[in-house]
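*Asks:* Quick one, what's the 3D model for this:
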Amino acid sequence: DRVIDLRELSALPVLTGSAPLPQVSPDNMAYIIYTSGSTGRPKGVMISHRSVVNLIVEQGQYFGISSSERILQFSNYCFDASVEQMFLSLLHGAVLVLMPSSLQLDVDGLQSLLYRERISHLHATPGLLSLLPVGQYGGLRRVIAGGDICSSGLASSWQGVVSFYNEYGPTETTVTAIVYKASSADDAREQLPVGRPLAHCRAYLLDKAGNPVPIGIAGELYIGGVQVGEGYLNQPELTATHFIRDVFSAAGRGLLYRTGDYCRWLEDGNIEFIGRGDDQVKVRGYRIELGEIERVLEEAPGVLQGAVVAPAVDGVRHLSAYVVSDGTYERSAVMSYLEGMLPGYMVPGQLTLLPSLPLTDNGKVDRRELSALGVKVLEGVEPAGPATELERQLVGIWEELLEVSPVSVHANFFELGGHSLLAVRVIAALRKQLGKDIPVVAMFEYPTVRMLGDHLSAVAGGVEGPVLSRYEGAGPLRLSFAQERMWFIDQLQGS
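*Replies:* Residues are numbered from 1 along each chain as shown. Sure, this is the predicted structure:
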């Protein structure tokens with residue numbers, strides 16, 4: 001232990017109100033944040049104070065942010081969406097509400113937090129928002145989807161309840177560069193447009209020769225303006241590839257960021273996302289280079305060749321890996337290697353051994369065929385059927401949600417292609433079909449049908465929900481907005 005003599009503190013320098021502030025200019029670096037790299041190595045994106053200030057000021061005006069807001073920091077601070085959530089509140093004198101990371105997988109807990117903290121501004125991925133029941137939660141004013149393709153159906157479900165927005169922006173263009181406000185006119189679309197650029201941001205859709213494309217024609221999206229980053233830290237070659245001179249600006253100054261996304265202009269001036277031009281995908285809001293995972297996979301013991309795809313099930317993507325063995329392959333060893341080398345959101349939920357990888361006519365890996373393979377019987381998993389009525393019901397739920405049949409009671413939910421959002425749906429199905437209420441973390445602790453069944457039997461009725469007290473007031477209670485909406489739909493369409 002160390003003893004501190006308080007008399008020595010008087011000798012320390014004291015800062016006064018006249019102490020000089022650090023000299024920071026708009027062009028100084030505000031932060032460096034790492035994102036997935038196509039070369040198989042993460043890359044540090046350099047963002048200036050000028051870029052962040054423009055984002056916050058313009059979004060504040062666009063959303064009408066005031067000091068009365070209560071903004072939820074839903075995103076982990078390691079990801080750039082947190083920059084928008086933190087400073088949108090703090091620089092407008094509003095309240096920033098922090099939450100435990102466990103609530104990202106606990107829809108019931110998240111609902112309770114929305115009510116308790118009177119959240120007015122919620123920014124999350126479409127995957128999470130699709131699981132969250134529609135409602136105002138005591139103060140919700142707007143819902144913002146970002147990080148992945150947003151269906152019009154999701155936006156339509158929130159219409160008339162809160163304002164709904166769709167955002168787009170790579171890390172390299174300071175979180176959000178393009179935004180769209182949904183309306184009833186979007187009901188005829190399959191997906192929401194990503195919208196129009198924020199003030200002082202510019203968007204160009206160019207063909208392979210660098211020429212602008214006409215309305216309705218697909219082109220690669222380039223973003224210019226004040227929010228374009230300064231490049232990648234200590235990677236000048238990669239910077240030169242993705243950050244190019246803005247030849248469309250008045251003086252030919254500034255940079256354009258090449259997104260790799262293909263989009264098209266709509267007649268109303270909005271931009272519609274079409275797809276990626278490479279193997280980069282968004283999985284549960286995280287931007288992932290499949291090549292980065294493949295590089296690590298092919299370095300794993302026993303793996304001769306490897307390929308990773310991200311097929312979508314019910315609009316939610318999940319990672320599936322396929323390997324060819326060098327003769328010493330052991331599934332558990334490969335999974336342990338991946339878990340030790342990659343962050344959790346980049347570890348494939350499915351790992352399948354193949355005699356060879358399918359190829360296209362030109363000799364490349366046929367990723368479309370891999371995506372169509374589905375989940376195969378897992379190596380080393382005993383093909384056992386359900387032994388009890390509870391296990392039979394659990395197997396039915398898993399087969400329906402995972403789109404896999406048959407499911408062995410010894411098969412791991414996450415190795416069958418399950419992920420956190422599907423785990424939330426399993427919990428909801430257990431509550432609805434079996435009257436069992438357990439936390440989402442139980443899916444990670446008991447990931448097989450046999451283990452989960454034993455756990456459910458042991459806890460009997462499951463985790464108790466909140467105690468509801470009797471309302472002693474007189475007369476009928478006023479319906480909540482969600483109840484009014486259900487009544488209206490029933491009157492209009494019938495049950």
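
*Asks:* what about residue 214, is that helix, strand or coil?
*Replies:* coil (DSSP: H, G, I helix; E, B strand; the rest coil).

*Asks:* how about the CA coordinates for the top strand by length along the chain, as PDB?
*Replies:* What stands out as the longest strand in the chain, according to DSSP state E, is strand 255-265. C-alpha atoms of strand 255-265 as PDB (Å, rounded to 0.1, in the frame of the first residue of the first chain):
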ATOM      1  CA  LEU A 255     -11.900  14.100 -51.800                       C
ATOM      2  CA  LEU A 256     -14.500  11.600 -53.000                       C
ATOM      3  CA  TYR A 257     -14.900   8.400 -51.100                       C
ATOM      4  CA  ARG A 258     -15.600   5.300 -53.300                       C
ATOM      5  CA  THR A 259     -18.200   3.300 -51.300                       C
ATOM      6  CA  GLY A 260     -18.300   0.100 -53.400                       C
ATOM      7  CA  ASP A 261     -22.100   0.300 -53.100                       C
ATOM      8  CA  TYR A 262     -24.300   0.300 -56.300                       C
ATOM      9  CA  CYS A 263     -27.300   2.500 -56.200                       C
ATOM     10  CA  ARG A 264     -29.700   4.300 -58.600                       C
ATOM     11  CA  TRP A 265     -31.300   7.700 -58.600                       C
END
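
*Asks:* which residues in this protein form helices?
*Replies:* Using DSSP state H, the helices found in the chain span residues 49-63, 81-90, 107-117, 126-129, 152-158, 236-242, 290-298, 331-341, 367-373, 389-402, 420-429, 441-445, 449-458, 481-493.

*Asks:* which residues are in contact with the longest strand of the chain?
*Replies:* Strand 255-265 is contacted by residues 170, 172-173, 194, 204-205, 213-224, 228-229, 231, 241-248, 271-278, 280 when judged by Cβ atoms under 8 Å, 6 or more residues apart in numbering. Where C-beta positions appear, they are placed from N, C-alpha and C, glycine not excepted.

*Asks:* how close does the residue nearest to residue 293 when sequence neighbours are not counted sit to residue 260?
*Replies:* Excluding the flanking residues, the one nearest residue 293 by Cβ to Cβ, 6 or more residues apart in numbering is residue 308, at 4.7 Å. From residue 308 over to residue 260 the distance is 18 Å, taken as Cβ to Cβ, to the nearest Å.

*Asks:* The two: which is more packed in?
*Replies:* residue 308 (28 against 16; other Cβ atoms under 10 Å).

*Asks:* what does the model give the more buried one for pLDDT?
*Replies:* Per-residue confidence at residue 308 stands at 89 (pLDDT).

*Asks:* just residue 89 next, same as before
*Replies:* 96.

*Asks:* just residue 482 next, same as before
*Replies:* Residue 482 is assigned 64 on the pLDDT scale.

*Asks:* Now do the strands in the stretch 51-200 of the chain.
*Replies:* Secondary structure of the stretch 51-200 of the chain (DSSP state E, counting those that start in this stretch): strands located at 70-72, 95-97, 121-124, 142-146, 163-168, 178-181, 196-197.

*Asks:* next one: phi and psi at the closest residue to residue 402 other than its chain neighbours?
*Replies:* Counting by Cβ to Cβ, 6+ apart, residue 402 lies nearest to residue 416, which is 5.2 Å off, once chain neighbours are set aside. Residue 416 has phi and psi values of phi -90, psi 0 when expressed as degrees, to the nearest 10.

*Asks:* okay but residue 416 is in contact with residue 351, surely?
*Replies:* No: using Cβ atoms under 8 Å as the test, residue 416 is too far from residue 351 to be in contact (10.6 Å).

*Asks:* returning to that earlier point: so which bits of the longest strand of the chain are buried?
*Replies:* Residues 255, 256, 257, 258, 259, 260, 261, 263, 264, 265 are the ones in strand 255-265 that count as buried (16 or more other Cβ atoms under 10 Å).

*Asks:* and the two most separated of these?
*Replies:* 255 and 264 (23.5 Å; Cβ to Cβ).

*Asks:* what about the strands of the stretch 51-200 of the chain, which gets the closest to residue 454?
*Replies:* Between these, strand 121-124 lies closest to residue 454; by Cβ to Cβ that is 33.7 Å.

*Asks:* Near the residue nearest to residue 390 when sequence neighbours are not counted, how many other residues are there?
*Replies:* Ranked by Cβ to Cβ, 6+ apart and with sequence neighbours excluded, the top spatial neighbour of residue 390 is residue 453, at 5.0 Å. For residue 453, the count of nearby residues is 22 (other Cβ under 10 Å).

*Asks:* what sits against residue 453?
*Replies:* Counted by Cβ under 8 Å, 6+ apart, residue 453 has contacts 388, 390, 391, 394, 409.

*Asks:* Hmm, residue 386 and the last one touching each other?
*Replies:* Yes: between residue 409 and residue 386 a contact is recorded at 5.8 Å, counting by Cβ under 8 Å.

*Asks:* between those two, what contacts are shared?
*Replies:* 395, 449.

*Asks:* So for those two, which sits in the more crowded spot?
*Replies:* Between residue 409 and residue 386, counted using other Cβ under 10 Å, the more crowded position is residue 409 (24 against 19).

*Asks:* quick one: contacts for residue 172?
*Replies:* Residue 172 neighbours (Cβ under 8 Å, 6+ apart): 35, 45, 228, 229, 242, 243, 257, 259.

*Asks:* Residue 137 - nearest residue in space that isn't next to it in sequence?
*Replies:* Residue 137 sits nearest to residue 114 (Cβ to Cβ, 6+ apart), 3.8 Å away.

*Asks:* who's in contact with the one you found?
*Replies:* Residues in contact with residue 114, defined by Cβ under 8 Å, 6+ apart, are 72, 122, 137, 138, 140.

*Asks:* Contacts only, for residue 359.
*Replies:* 365, 366.

*Asks:* ok, it to residue 305 distance?
*Replies:* Distance, residue 359 to residue 305, by Cβ to Cβ: 11 Å.

*Asks:* same check, this time on residue 370
*Replies:* Computed with Cβ to Cβ, the distance linking residue 370 and residue 305 is 12 Å.

*Asks:* Could you do residue 282 as well?
*Replies:* Relative to residue 305, residue 282 is positioned 26 Å away (Cβ to Cβ).

*Asks:* what's the answer for residue 254, then?
*Replies:* Residue 254 is 43 Å from residue 305, by Cβ to Cβ.

*Asks:* Nice, that's everything, thank you.
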